[in-house]
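In: After the sequence you'll find the predicted model.
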Amino acid sequence: MERGCSPKCPLPPILRPLLGFVFFLVDVVLDVLNIVTLYQKGEYVYVVLLITVLLASSVLAQVYSWMWYSDCKETLESRVEKSARRYGLIGLLHIFQLGMFLRFAGVVEISICNPKQNKKQGGAGSLSPDMSMLRLIEAFTESAPQLVILICVTIQEQEMQLFQGLKIAGSFGAIALCLLSYHRDMCKFVPEDQKMGWSSSAVFFLWNLLLITPRVLAVALFASILPCYIAAHFLSWWVLLFLWAWRQKTDFMETEGGEWLYRATVGLIWYFSWFNVSKGKTKVKSIIYHVCMGADMGLLLGLWFWKRSVESARLSPLPVNPYILIGGLPVLYITGLLLKLLYYWKFHLSLPRLISSVRDVSQIESEVQEEEFGTIMPEPDTEPQWPFTGIHKRRRNMAVNFYH
C-alpha cells in the first residue's frame, strides 16, 4: 500500500514560488480580460457582479494577510517583509491590494537567499502554508463565483466556443490545483519515513475536481434560469454553514473578531467544497456534508430541468444537451466520492507523527524537532515549549485538522 507525499518535490525549490507568482499574475490578467469581454458584449449586469466578486475576494484576502502580519508575536522570516514593517508599509501595501505581492516576494527571497532553511521547512518556511491558505480562500471566494458567472453567460450565448470551453475547464482545474497545493504543503509536516507518493496527489486532485465541477455547474444552471432565487439559496446555505462552523468551535485566528471572520469564510468555502476545520468525528461531518450537498445538487438540477421543460418555447437552446447534464453531473459527483473514499483508504495518513516547524527566532538554524501527534496540542497542565500563537497556531491547526 502506497502512502500519500513524496520526500522530494521534482521541481527545484525556487521554481514553485516563481510559478505561483506567474500564475497569480496570469489570473489577474485573465480577470481583467473577462471584465473587458463582458463589457464589449453589453453584459453590464454581469460586469458589475464580476467586479464586485473580484473586489470582495481581494479585500478579504488582504484583510487576512494584514491580520496575520499585524500579530505582535508574528515572526517575519524574510528581509523584504522586515523592511516593510520597519518603514510602516505593511498596512499601506494591503490598502492598495499589494499584500499578496509582498508575501510572494518573501517566499521567493527565502527560496533564493536561504536554501538551507527552505529545505528544512519544505519550502519558504512558515510563509508557504499562509500562502496556500490565502490561495484557497481566493479560489472559493473569487474563482468559483466567477465560474458561475461565466457559465451563465455561456448559456445565454447558446453556443460554446472552443476558447470559452477551455477557459472554463482551466478554471475548474485551477481551483483543484489550489487544493492540491494545500495538500502538498500539509505533506511537509510528515516525517521522511511517513512521506506519501505523488499518486496520492493525483487521486486527491481528481476527487476534488470531480466533486467541485458538478457543484459549480449545478449552481450555475440554477442561476441561469432562476437568477432571482440564487441569492436566497446562497444566503440560506451560507447562514447554515456559518453556524455549523461556529458549532465546531474553530480556533484558527488570534482574535475573537478574526475567528468570526474565519467562520464566515469557511461557510463560503463549504458552499462549494468540503474543508475540515476542526478535530473529532471528521468522517461523520464529511458524510453529513456530502449527503446534504448531493441532495441540494439534485434539487437544483431538478428545478432547472423542470423550469426549462415548462418554458422550453421561450428559453434559448443550450450549448449542451440537458439530458447529458442531468445524467452526467450526478455520475461525476458519485465518482468523486468514490475516489475520495479510495484516497482515504489507500493514501491518507491517519494521526501521523508530525514535524513541528514552529521555531523561535533564535532557533532558525536548529534541527527540525519531531513531536508525536498527541503532543502537538499540549495538555492544559503542561507548559508548551513554544507559544502557540500567530503562525505557530495556524500551522499547528492546519496540520492537525488535515490529518485528523
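Out: Looks like it arrived, so ask away.
In: residue closest to the middle of the chain?
Out: L136 (2.1 Å; Cα atoms, centre = their mean).
In: What confidence value was assigned to L354?
Out: On pLDDT, L354 comes in at 67.
In: repeat for M196
Out: In this model, M196 carries a pLDDT of 64.
In: Next, the buried residues of the helix or strand I326 falls within.
Out: For I326, the host element (DSSP states H and E) is helix 322-346. Neighbour counts over helix 322-346 (16 or more other Cβ atoms under 10 Å) mark 322, 325-326, 329-330, 332-333, 336-337, 339-340, 343-344 as buried. The C-beta positions use only the backbone N, C-alpha and C, and glycine is treated the same way.
In: Kindly report the same for stretch 49-56.
Out: 49-50, 53-54.
In: buried stuff in stretch 308-323?
Out: Those would be 308, 318, 322, for stretch 308-323 by 16+ other Cβ under 10 Å.
In: Would you confirm that the first one contacts P322?
Out: When you say that, I think you mean R308. Yes. Contact between R308 and P322 holds when scored by Cβ atoms under 8 Å: they sit 6.2 Å apart.
In: Give me the common contacts of the two.
Out: The contact sets of R308 and P322 do not overlap (Cβ atoms under 8 Å, 6 or more residues apart in numbering).
In: quick one on the thing from earlier: residues contacting the helix holding I326, please?
Out: 1-2, 4, 200, 203-204, 206-211, 213-215, 217-218, 221, 290, 294, 297-298, 301, 305, 308, 318.
In: Out of these, which end up buried?
Out: Buried among the contacts of helix 322-346 (16+ other Cβ under 10 Å): 4, 200, 203-204, 206-211, 213-215, 217-218, 221, 290, 294, 297, 301, 305, 308, 318.
In: Narrow the residues you listed to those in helices?
Out: When DSSP state H defines the helices, the subset of these inside them is 200, 203-204, 206-211, 213-215, 217-218, 221, 290, 294, 297, 301, 305, 308.
In: List the contacts of A220.
Out: Contacts of A220 by Cβ under 8 Å, 6+ apart are 147-148, 151-152, 155.
In: And the closest residue to it other than its chain neighbours, how far from K82?
Out: The shortest distance from A220 to any residue other than its chain neighbours is 3.7 Å, reached at I151 (Cβ to Cβ, 6 or more residues apart in numbering). From I151 across to K82, the span is 44 Å (Cβ to Cβ, to the nearest Å).
In: Quick check: the gap between S201 and A176.
Out: In terms of Cβ to Cβ, S201 sits 11 Å off from A176.
In: right, and the helix or strand after the strand or helix carrying W237?
Out: Using DSSP H and E, W237 sits in helix 227-247. Next helix or strand after helix 227-247 toward the C-terminus (DSSP H and E): helix 256-270.
In: Flag every buried residue along that following helix.
Out: 258-259, 261-270.
In: quick check, nearest of those residues to K279?
Out: V266 (14.7 Å; Cβ to Cβ).
In: Would you mind confirming that the closest one makes contact with F275?
Out: Yes. With contact defined as Cβ under 8 Å, V266 reaches F275; the gap is 6.7 Å.
In: residues near the nearest residue to F234 once chain neighbours are set aside, how many?
Out: Excluding the flanking residues, the one nearest F234 by Cβ to Cβ, 6+ apart is Y271, at 6.6 Å. Y271 has 21 neighbouring residues, counting by other Cβ atoms under 10 Å.
In: could you measure Y271 against W198, distance?
Out: Counting by Cβ to Cβ, the gap from Y271 to W198 is 30 Å.
In: cool, L60 as well?
Out: Counting by Cβ to Cβ - L60 and W198 are separated by 32 Å.
In: So which of those two has more stuff around it?
Out: The residue with more neighbours, out of L60 and W198, is L60; 19 against 14, by other Cβ under 10 Å.
In: So what's the gap between the host helix or strand of that one and the chain middle?
Out: Using DSSP H and E, L60 falls within helix 44-70. Distance of helix 44-70 from its chain centroid, counting by Cα atoms, centre = their mean, to the nearest Å, is 15 Å.
In: That's all I had, so thanks and see you.
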